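J.: The amino acid sequence is not available; the structure is as follows:
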């Protein structure tokens, strides 16, 4: 499988029988195969996760399906193939030409906007956080503690792991950027970790891996633009 970091929280994941596109709103798409179904996920309507650039994909690819937070779904063209999702639900998506229920989706509730996704496709499990995170801002400590507890409570819904791929915020703007990754690895874990939500501040995000809480995961953490990984045995 191939994972391409497009920008910020936008990723493309090419699997054996389909391609998944997460929270793409800007940046150049990789060379996505046109002979496989393309499934486009949008976790919420914030402008750094959703852009109307996703809709012309219907003309560029023969088989496109959208899995959208309910607020984004209201913006969908009438002819788009949309599955509207809400928190704490499960969905099976049969894709054309492929065995039914090839792709299943579970949703978590974000403590900001929208949902997080747990996706099972082609024998691969993928966690995509969207804006669900331990948001440790410069604010009263009890608010940060509440954010952390909410995040841990949502992760408990999908524990124990690990998942194969995990996309988790590592945001340099935060007072404690490492908190969310630490929470996720303790509660669920993953075989391959992809930090996100850092925009143009990639060097700062990388520097956080020297934190003693994150250093044990450096060997499975990927910041590269394109990452080739073997399918799980």
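T.: Okay, I see it. Keep in mind it's a predicted model, so treat the numbers as computed, not measured.
J.: For the residue most central in space within the chain, give its distance to residue 121.
T.: In the chain, the centroid-proximal residue (C-alpha atoms, centre = their mean) is residue 128; its distance is 2.4 Å. Distance, residue 128 to residue 121, using C-beta to C-beta, to the nearest Å: 12 Å. For the C-beta atoms, the positions are set from N, CA and C on the backbone; glycine is no exception.
J.: which residues does the residue nearest to the centre of the chain bridge with?
T.: Residue 128 forms beta bridges with residue 117, residue 167, as assigned by DSSP bridges.
J.: same check, this time on residue 82
T.: Beta-bridge pairing of residue 82 under DSSP bridges involves residue 66.
J.: In this structure, which residue sits furthest out from the middle?
T.: Distance from the C-alpha centroid of the chain peaks at residue 140, with 28.4 Å (C-alpha atoms, centre = their mean).
J.: pLDDT wise, what is that one at?
T.: On pLDDT, residue 140 comes in at 94.
J.: For the lengthiest helix in the chain, which helices and strands make contact with it?
T.: For the chain, the helix with the greatest residue count under DSSP state H is helix 141-155. Applying 3 or more C-beta pairs under 8 Å, 6 or more residues apart in numbering; DSSP states H and E, one finds that helix 141-155 contacts strand 103-109, helix 179-187.
J.: go with 6 Å
T.: If contacts are counted by 3 or more C-beta pairs under 6 Å, 6 or more residues apart in numbering; DSSP states H and E, helix 141-155 sits against helix 179-187.
J.: Need the contact partners of the helix it packs on.
T.: 133-134, 136, 151-152, 155, 159, 168-170, 213-214, 217 (C-beta atoms under 6 Å, 6 or more residues apart in numbering).
J.: next one: stretch 11-22
T.: Contacts to stretch 11-22, defined as C-beta under 6 Å, 6+ apart, come from residues 1-5, 30, 32, 36-41, 98, 121-122, 124, 128.
J.: do stretch 51-67 as well
T.: Contact with stretch 51-67 is made by 25, 34, 37-41, 77, 80-83, 96, 105, as judged by C-beta under 6 Å, 6+ apart.
J.: ditto for stretch 75-89
T.: Counting by C-beta under 6 Å, 6+ apart, 55, 65, 66, 67, 68, 70, 73, 91, 107, 109, 115 sit against stretch 75-89.
J.: Would you mind measuring from the fifth one to residue 213?
T.: Spatial separation of residue 68 from residue 213 under the definition C-beta to C-beta is 34 Å.
J.: Which of the two has more residues huddled nearby?
T.: It is residue 68, of residue 68 and residue 213, that has more neighbours when counted by other C-beta atoms under 10 Å, with 25 against 16.
J.: For the protein, give me the ranges with low pLDDT.
T.: 97-101, 233 (pLDDT under 70).
J.: ok, which stretches of it are helices?
T.: Taking DSSP H, the helices of the chain run over residues 57-60, 70-73, 141-155, 179-187, 202-207.
J.: For stretch 152-163, list every residue counted as buried.
T.: 154, 155, 157, 158, 161, 162, 163 (16 or more other C-beta atoms under 10 Å).
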